[in-house]
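Peer 1: let's see this in three dimensions:
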Amino acid sequence: MPSPGPLYAIFAGEESKNNELFYRLRSEYLKNSGDRPFDALKNAVQKFSNIEIAVCVFVDGVVYSAATEGARVMIYRNRSLVTILSSHPGDSSVISASGYPKENDAILLGTNSFFEKNSGEVVKSSIETFAGGPEVVILKFSGSATEAEQVIPSAPIGRRISGFFEKLSKRLPKRNIYIKSGVGDEVSSHSKKMTLSIGLILLAILVVSIGFGVRQKKINDLKNKYQGILQLAQSDVVQAIGLASVSPEKSRELFMDSEAKLQEILNLKIKDPKVTDLQNKIQESRGAILGEYDGAPSLFLDLSLLSSGFSGDAISASNGQIFILDKSGQRIVSVAEDTKKSKVVAGPDTLGSATNIASYQNTVFVLASDGIYEVDSGRTKVIDKTWAGDAFISSFAGNMYVLDKAGNTIYRYIGQTDNTFGTQQNWLSASTKPNFSGAVAWGMDGAIYVLYPNAKILKYSLGSPQNFSLFGITPEIGKIDAIYADPDNQYLYLLDRAGKRVVVIDKKGNYKAQYTNDQIASATSLVVSEAQKEIILLTGDKLLSIGIK
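Peer 2: Numbering: from 1, shown residues only. You can find the predicted model right below:
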């Protein structure tokens, strides 16, 4: 007759009653010790009703287990968990199994509540650290002999409990666990074929479990990696929105940090509704915080319809009228900003050769090789040339201004009541010694902004240089192709063809907004009416319009 063997059990219920239940269970088991251990164990458990129990005994190298009312029995082998018994809550029927343990195996007896509250990774960690709890018993087999170590269920998961409950000195047989489906299904050491089949099935289960375990570990590692970044990005966006009106620079800095963190998460190819929400929030806030808008333009006017082959080279605006000069075609057309009403102001017979254009109210002026002309129904010379080489012209408050590149000076001609101009004056102060030889364009709104290559802008007011530098533009501008200033506008507008954008700055050079679109790369110059909320781009034979946000 075999020894009844040590008994291990877990109960779900009040801990104060568990000792009493254990002694009753052990007594019932010992009453039937003359039977086979498998039958004795199952018969003992059947004496209890409506009590969640998982129990096992270890007899002659074989583990016999039973469970009822939701309790489970699992085996931990080769870092994988496999369920041996899983009873159903509310079902008083007893399920049982038996099998041979291997070295380093662990048998877990646990309540349904324990396995629902703890993930597989937590359970594995508890086994590897040999830490049990009030809802689980861990039975380990280690060493050259079978050493059954019970973790007494008296502390939460995570508290290490050491020491052997019992050591049985018998070498482990090299056999697989055999899961029983019924009371009469004992392990048969004589049935090699059955043992092999069960071994293969168990191996398949272990392989699948390992696969799921590896996949789950990767998911958990990835989740841990991006969740911290996600929380920081969410915080950055919230702060950026709150600071937008108080500290725009700090707001933009936080916003760009959140964008960088979002991109880091997206590179991990994460699928998470919280990531999508962050992405949408950033996109919705971009305009308000960064001032970045889609600058998709619409067709304002096709100039070729006014005059065949027309291709604009220079543009000027005043008093709601836009004037465009076609140098090679020797033509000027005008367009009303509000109605788009257009007409040809001058043709080759009237205009002759012209290299630059300026306008004031409804009058248009052109720069010719021998001076400046007023153009309407005819061509009237209003200023004789006194400068040596290239020059720019602009009109402000009825006066005419000429930037003499070679002479490194700016001349002013006071407007007269009879549409003529007074004598030449040097607008710059005597102490101002500029170098205009590299200037490529200019703008005027009372102050004068002279544009140089490599995005350099010099500002002058009342004839003297002013502190002015571009600040906060991201990405930085490598080259500004055109600048527009107007006394009726609050801001300055810079054309960046390489960046495919129009950048808006205040009159100290601080960034305010930008409009981006591929079509902007084809523009050569621009005028802006903040009153009409329009940026007008000149692209040769067309005028394109971008709405100001």
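
Peer 1: which residue ranges make up each domain of this protein?
Peer 2: The domain map for the chain lists 7-189, 217-290, 298-547, with the assignment taken from automatic domain parsing.

Peer 1: let me see the mean pLDDT of the shortest one.
Peer 2: The pLDDT scores in domain 217-290 average 83.

Peer 1: thinking again about what came up before, I'd like to know which of the domains of the chain lies nearest to residue 209.
Peer 2: If you check each of the domains of the chain against residue 209 by Cβ to Cβ, domain 7-189 wins as the nearest, at 4.3 Å. To be clear about C-beta, it is placed using only N, CA and C from the backbone, and glycine gets the same treatment.

Peer 1: comparing the domains of the chain, which gets the lowest mean pLDDT score?
Peer 2: domain 7-189 (a mean of 72).

Peer 1: could you save the domains of the chain as a markdown table and add columns showing distance to residue 210?
Peer 2: Supplementary listing: those in a markdown table, determined by distance: least, Cβ to Cβ, whole Å:
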| stretch | distance to residue 210 |
| --- | --- |
| domain 7-189 | 5 |
| domain 217-290 | 10 |
| domain 298-547 | 49 |
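
Peer 1: as TSV, the ones you listed with distance to residue 195 and mean neighbour count would be great.
Peer 2: What follows is the domains of the chain, written out as TSV (distance: least, Cβ to Cβ, whole Å; neighbours: other Cβ atoms under 10 Å):
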stretch	distance to residue 195	mean neighbour count
domain 7-189	7	18
domain 217-290	32	15
domain 298-547	70	17
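
Peer 1: from residue 298, how far off is residue 311?
Peer 2: Summarising the geometry, the distance separating residue 311 from residue 298, computed by Cβ to Cβ, to the nearest Å, is 20 Å.

Peer 1: what does stretch 336-352 rub up against?
Peer 2: Residues external to stretch 336-352 that are found in contact with it (Cβ atoms under 8 Å, 6 or more residues apart in numbering): 300-301, 306-307, 317, 320-323, 329-335, 364, 366, 368, 375-379, 529, 532, 534, 536.

Peer 1: now do the strands in the stretch 201-350 of the chain.
Peer 2: Read by DSSP state E, counting those that start in this stretch, the stretch 201-350 of the chain holds these strands, from start to end of the chain: 292-294, 298-302, 314-318, 321-326, 331-336, 342-346.

Peer 1: remind me what the fourth one packs against, helices and strands.
Peer 2: Using 3 or more Cβ pairs under 8 Å, 6 or more residues apart in numbering; DSSP states H and E as the contact criterion, the secondary-structure elements in contact with strand 321-326 are strand 314-318, strand 331-336, strand 356-360.

Peer 1: quick one: strands adjacent to the second one?
Peer 2: As defined by DSSP bridges, the strand partners of strand 331-336 come to strand 321-326 (antiparallel), strand 342-346 (antiparallel).

Peer 1: got the phi and psi for residue 30?
Peer 2: Reported as degrees, to the nearest 10, the phi and psi values for residue 30 are phi -70, psi -30.

Peer 1: contact partners for the residue nearest to it when sequence neighbours are not counted?
Peer 2: Spatial nearest neighbour of residue 30, chain neighbours left out: residue 4 (5.9 Å); criterion: Cβ to Cβ, 6 or more residues apart in numbering. For residue 4, the residues meeting the contact criterion (Cβ under 8 Å, 6+ apart) are 29, 30, 33, 37, 40, 57, 59.

Peer 1: which members of the residues you listed occur in helices, if any?
Peer 2: Within the contacts of residue 4, residues falling in helices by DSSP state H are 29, 30, 37, 40.

Peer 1: distance check, residue 390 against residue 51.
Peer 2: In terms of Cβ to Cβ, residue 390 sits 102 Å off from residue 51.
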